[in-house]
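Novice: Here's a sequence, model it:
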Amino acid sequence: MLGVALLSGFLAFWFTRQHQRAEQAGILLDAMPELAWMKSELGLNDSQFSKASELHAAYRPVCVEMCAAIDRSRSRLLELAVAQRELTPALQDAIAEHARVMADCKRRMLAHLYETAALMDDDQAADYLETVLPLAFEPGGSEAQPACTSH
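Specialist: A predicted model of the protein is given here:
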């Protein structure tokens, strides 16, 4: 989820930049403005963009679910850590559960990113993955602020 938050920030930057360019040109993309960078920067055709938008929309509930799970596990971990004065079995279990939730989120997010990349030709997919994968592995982002609506 950490990567999702960072990726959301990156996408917000790109969306703002693309939105400004589109306004100047008198053209605004109708669908999924947070994905506009994929069409303009990666050169996706209308069919690819439409399919990527569908995948993105389908992934949103999964991301929201994962953000909630991360928030719950982090809250439980913090609650136990604050209440304890030593590393108890319950605290160790909460640490392990939080790590499991984070790993599950990473797996699901990577599966989604790879599924999206599969819609593209080899060059587009390479550029897409080169852009999004480093953001998916950045520390701190989702812990600080879950962002569950962008990829």
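
Novice: CA atoms for contacts and neighbours, from now on please.
Specialist: Noted.

Novice: residue ranges with poor pLDDT in the protein?
Specialist: Applying pLDDT under 70 to the chain flags residues 1-32, 139-151.

Novice: Mind jotting down where the helices sit in it?
Specialist: Taking DSSP state H as the test, the helices found in the chain are 2-25, 36-42, 46-83, 89-117, 122-136, 141-144.

Novice: Packing partners of the fifth one?
Specialist: The reference is to helix 122-136. Here helix 122-136 touches helix 2-25, helix 36-42, helix 89-117, going by 3 or more C-alpha pairs under 8 Å, 6 or more residues apart in numbering; DSSP states H and E.

Novice: Between helix 89-117 and it, find me the angle.
Specialist: With axes from the mean of the first three to the mean of the last three C-alpha atoms, to 10 degrees applied, the angle from helix 122-136 to helix 89-117 works out at 160 degrees.

Novice: buried sites along helix 122-136?
Specialist: Neighbour counts over helix 122-136 (16 or more other C-alpha atoms under 10 Å) mark 124-125, 128-129, 132-133, 135-136 as buried.

Novice: Which one of these is nearest to residue 84?
Specialist: Taking C-alpha to C-alpha as the measure, residue 84 sits nearest to residue 136 out of the buried residues of helix 122-136, at 32.3 Å.

Novice: picking up where we left off before, what would the buried residues of helix 122-136 look like in TSV with distance to residue 81?
Specialist: Formatted as TSV, the buried residues of helix 122-136 follow (distance: C-alpha to C-alpha, whole Å):
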residue	distance to residue 81
124	45
125	42
128	39
129	37
132	33
133	32
135	29
136	27
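
Novice: so residue 76 makes contact with residue 95?
Specialist: No. Counting by C-alpha atoms under 8 Å, residue 76 stays clear of residue 95, with 9.2 Å between them.

Novice: Give me the common contacts of these two.
Specialist: Counting by C-alpha atoms under 8 Å, 6 or more residues apart in numbering, residue 76 and residue 95 have no common neighbour.

Novice: Identify the spatial nearest neighbour of residue 127, chain neighbours not counted.
Specialist: Leaving out its chain neighbours, the residue that sits closest to residue 127 by C-alpha to C-alpha, 6 or more residues apart in numbering is residue 42, at 7.1 Å.

Novice: for the one you found, what are its contacts?
Specialist: The contact partners of residue 42, taken as C-alpha under 8 Å, 6+ apart, are 124, 127-128.
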